[in-house]
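> Quick one, structure for this:
(one chain, ligands or ions: 3)
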Amino acid sequence: METVVDASTSEEANGSAVEKKPIVVFVLGGPGSGKGTQCAYIVEHFGFSHFSAGDLLRAEMNSGSENGLMIRSMINEGKIVPSEVTVNLLQQAMEESGNDKFLIDGFPRNEENRAAFEAVTGIEPAFVLFFDCPKEEMERRILNRNQGREDDNIETARKRFKVFLESSLPVVEYYESIGKLQKIDAARPIEEVFESVKTVFASINEKVKPHGRAEKKFTLLKLQLKWKMNLLRNGVCKGY
Ligand SMILES: Nc1ncnc2c1ncn2[C@@H]1O[C@H](COP(=O)(O)OP(=O)(O)O)[C@@H](O)[C@H]1O
Ligand SMILES: Nc1ccn([C@@H]2O[C@H](COP(=O)(O)OP(=O)(O)O)[C@@H](O)[C@H]2O)c(=O)n1
Ligand SMILES: [Mg+2]
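Numbering: from 1, shown residues only. Ligands and ions are numbered 1, 2, ... in the order given. Predicted coordinates:
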């Protein structure tokens with residue numbers, strides 16, 4: 001199993017450090033399982049930058065961009081927006097953050113998302129958190145969320161559950177099969193769920209040396225260069 005240490009530091013045989021990759025943790029779970037809620041706590045305790053794919057898509061939808069109408073109709077149907085749009089938004093947010101530890105929430109939601117992120121950024125997650133929650137509880141939470149989201153209605157919620165089962169669970173199963181999944185029982189109260197989350201991060205964090213300022217800057221510069229090269233090679237994303 002690849003560890004966070006592998007994701008952040010690689011060493012040549014002679015022992016000299018050659019590269020520090022950004023640390024990426026994917027946060028998955030059905031709609032309403034508590035991803036956003038737990039991410040806010042993780043940011044506070046463990047110094048990650050949090051990017052929710054859904055939040056980035058909603059901001060893009062409201063920005064008047066040319067993709068706005070397409071995003072709105074996909075979200076209202078509970079469908080998954082094409083990866084080139086979402087990966088572009090995530091990449092931009094990561095670049096602008098100045099951080100090198102990222103919690104990516106609600107992504108990858110299907111195999112296309114997963115493969116596109118890896119092809120464009122060259123980054124694999126250090127590990128993947130999966131919030132496991134019964135459908136009835138997720139439904140209750142969505143209908144009580146009160147954040148004014150157009151897709152938080154029973155009809156769209158049911159479509160989102162279907163998409164979750166058909167497209168997102170296979171990605172969760174993939175990460176389980178390669179030993180990267182950290183499954184959390186998300187049906188408990190928020191504080192109890194966070195106790196489990198903390199245990200996962202604390203055991204992994206021990207092995208992760210925080211990157212220094214200069215190191216962070218260098219990592220990001222290399223990252224940007226690599227992304228541009230991957231784009232030229234793969235042509236997965238437009239907009240450059
Ligand atoms: N463990 C929990 N128990 C009860 N309610 C929760 C819990 N976690 C989150 N919630 C509430 O459920 C709703 C959905 O949570 P959210 O974090 O937005 O989930 P997600 O991002 O997975 O859709 C929010 O209103 C949140 O306050
Ligand atoms: N990777 C992603 C994430 C979200 N989305 C869209 O955004 C919607 C809301 O996602 P979200 O992550 O904010 O939803 P929650 O799981 O937080 O309830 C999804 O139902 C999709 O329509 C997407 O297309 N691709
Ligand atoms: Mg969310």
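
> Could you pull up phi and psi at the residue most central in space within the chain?
Nearest to the mean C-alpha position of the chain, by Cα atoms, centre = their mean, lies I104 at 2.1 Å. Backbone torsions of I104, given as degrees, to the nearest 10, read phi -110, psi 110.

> quick one: low-confidence ranges for the chain?
1-20, 205-224, 226-240 (pLDDT under 70).

> before we move on, back to that, residues near the closest residue to the residue nearest to the centre of the chain other than its chain neighbours, how many?
Nearest residue to I104, sequence neighbours excluded (Cβ to Cβ, 6 or more residues apart in numbering): F26, at 5.2 Å. Just so you know, the C-beta spots here come from the backbone N, C-alpha and C atoms, and that holds for glycine as well. Using other Cβ atoms under 10 Å, F26 has 27 other residues around it.

> what's the following helix or strand after the helix or strand that contains F26?
Element membership for F26, per DSSP states H and E: strand 23-29. Next helix or strand after strand 23-29 toward the C-terminus (DSSP H and E): helix 35-46.

> ok now that next one, how far from the chain's centre?
Here helix 35-46 shows a centroid-to-chain-centroid distance of 12 Å under the convention Cα atoms, centre = their mean, to the nearest Å.

> can you tell if it touches ligand 3?
Yes. Interface with ligand 3: helix 35-46 contributes K35, G36 (Cβ under 5 Å from the ion).

> all helices of the chain, in order?
4-8, 35-46, 53-62, 68-76, 83-97, 111-121, 135-143, 154-163, 169-177, 190-205, 213-234 (DSSP state H).

> Export those helices as TSV, with columns for mean neighbour count and distance to ligand 2.
Below are those laid out as TSV (neighbours: other Cβ atoms under 10 Å; distance: least, Cβ to the nearest ligand atom, whole Å):
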stretch	mean neighbour count	distance to ligand 2
helix 4-8	18	21
helix 35-46	17	6
helix 53-62	19	2
helix 68-76	16	4
helix 83-97	20	5
helix 111-121	19	5
helix 135-143	16	7
helix 154-163	16	5
helix 169-177	16	10
helix 190-205	15	15
helix 213-234	14	18
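
> V128 is nearest to which of those?
Nearest to V128, of all these, is helix 169-177, at 4.3 Å by Cβ to Cβ.

> send the alpha carbons of that closest one over as CSV?
Written as CSV, here are the backbone C-alpha positions of helix 169-177 (Å, rounded to 0.1, in the frame of the first residue of the first chain):
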residue,chain,number,x,y,z
LEU,A,169,-19.2,3.1,-5.5
PRO,A,170,-17.1,1.4,-8.1
VAL,A,171,-14.4,4.1,-7.6
VAL,A,172,-14.7,3.5,-3.8
GLU,A,173,-14.3,-0.3,-4.4
TYR,A,174,-11.3,0.4,-6.7
TYR,A,175,-9.5,2.3,-3.9
GLU,A,176,-10.4,-0.5,-1.4
SER,A,177,-8.9,-3.1,-3.8
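
> Any part of that helix near ligand 1?
No. Remark: helix 169-177 sits outside contact range of ligand 1, by Cβ under 6 Å from any ligand atom, the gap being at least 13.4 Å.

> That helix vs strand 23-29, what angle?
130 degrees (axes from the mean of the first three to the mean of the last three Cα atoms, to 10 degrees).

> about what we covered before: quick one, which of the helices of the chain is nearest to P22?
helix 213-234 (6.2 Å).

> Backbone dihedrals for G179, please?
Per degrees, to the nearest 10, the backbone of G179 is at phi 80, psi 20.

> What about it, how many residues nearby?
10.
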